[in-house]
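Colleague: predicted model and sequence follow; I will ask about them next.
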Amino acid sequence: MTLTIYGFGASRGQRAVWACEEAGVDYTYEDLDAAGGEMQSPRYLAINPAGKVPALVHDGFVVLESAVICTYIGELASERGLVPAYGTKARVTYDQWMFFTVTELEQPLWTQGKHRFALPRDWRVPEVLAVVPKEFARAERTLSQGLGDRRFMLGDAFTMLDVMVGHTLFWARAFGLELASENVQRYADRLAEREGWGRAVKATTG
Ligand SMILES: N[C@@H](CCC(=O)N[C@@H](CS)C(=O)NCC(=O)O)C(=O)O
């Protein structure tokens, strides 16, 4: 089996690498030269026509979207219980928070990233940055209520959902946004201490 993850530095590619580290799945990490245009190269566009990362290629099968990639990796190591079984209520709750992470929690962060550096300069609208802390605070309050006093999003066991949520919380901290809720702060600290995350950081940013 060959499994390759495409990313660049501290991008969402770290989610896929962290997922492999937690699942004990062997992988090769390919760090693309984003500044040099490698994500828009014909070779990479043949893998992901959107020219975005992460992408995963597993024995020729392409998987896109970080939330789906993390779930796919978790299911490759099904014996580890990192993804609730399909058709269960736990899986519905897992999917619900996965969707919340990509459609709500990370969106203010992505707005900040796009309008600070990711979009071409003449597309950026600095005024939208004012809503970022407000929107993030609202999403974080929702997350805090969902997390409650659990160790991980779904209970005592770590799942791939924690990779997605955790990475997004680390991203918020890297962007200078406060985690206002104590339970979310403690949860993020707990995830940051995981060896799998440490190895993912080393693999992606050296
Ligand atoms: N929804 C996608 C978002 C992927 C994404 O936007 N990745 C960023 C890096 S973190 C990217 O490739 N940006 C390049 C661009 O927007 O052109 C996912 O979660 O995989």
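Modeller: Alright, I've got the coordinates.

Colleague: all strands of the protein, in order?
Modeller: Per DSSP state E, the chain carries strands over the ranges 3-7, 28-31, 55-58, 61-64.

Colleague: does the third one reach the ligand?
Modeller: Yep, that's strand 55-58 we're talking about. No - residues of strand 55-58 are not located near the ligand by CB under 6 Å from any ligand atom, the shortest gap being 8.3 Å. Glycine gets a C-beta too; all of them are placed from N, C-alpha and C.

Colleague: tabulate the strands of the chain in CSV, adding columns for mean neighbour count and mean pLDDT.
Modeller: What follows is these, written out as CSV (neighbours: other CB atoms under 10 Å; pLDDT from 0 to 100):
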stretch, mean neighbour count, mean pLDDT
strand 3-7, 22, 98
strand 28-31, 16, 98
strand 55-58, 22, 98
strand 61-64, 14, 98
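
Colleague: report the buried residues of stretch 144-163.
Modeller: Across stretch 144-163, burial judged by 16 or more other CB atoms under 10 Å covers S144, L147, F152, M153, L154, F158, T159, M160, L161, D162, V163.

Colleague: contacts for it, please.
Modeller: The contact list for stretch 144-163, computed with CB atoms under 8 Å, 6 or more residues apart in numbering, reads 15, 18-19, 22, 70-71, 73-74, 81-84, 90, 93-94, 97-98, 100-101, 165, 180-181, 183-184, 187, 190-191, 194.

Colleague: check the residues you listed for burial and list the buried ones.
Modeller: Buried by 16+ other CB under 10 Å: 15, 18-19, 22, 70-71, 73-74, 82-84, 93-94, 97-98, 100-101, 165, 181, 184, 187, 191, 194, out of these.

Colleague: sorry, back to before: ok, which pair from the buried residues of stretch 144-163 is furthest apart?
Modeller: For the buried residues of stretch 144-163, the farthest-apart pair by CB to CB is S144 and M160; their separation is 20.5 Å.

Colleague: in contact with the residue nearest to Y72 when sequence neighbours are not counted, which residues?
Modeller: Distances taken as CB to CB, 6 or more residues apart in numbering put V63 closest to Y72, at 5.1 Å, once the chain neighbours are dropped. By CB under 8 Å, 6+ apart, the contact set of V63 is A55, L56, V57, I69, Y72.

Colleague: try 7 Å
Modeller: Residues in contact with V63 (CB atoms under 7 Å, 6 or more residues apart in numbering) are L56, I69, Y72.

Colleague: next, count neighbours for the second one.
Modeller: Burial of I69 is recorded as 25 neighbouring residues (other CB atoms under 10 Å).

Colleague: coming back round to it: now the strands of the chain as CSV including distance to F117?
Modeller: Below are the strands of the chain laid out as CSV (distance: least, CB to CB, whole Å):
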stretch, distance to F117
strand 3-7, 17
strand 28-31, 18
strand 55-58, 21
strand 61-64, 23
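
Colleague: nearest to D122, out of those?
Modeller: Proximity to D122 (CB to CB) singles out strand 3-7 among the strands of the chain, at 27.2 Å.
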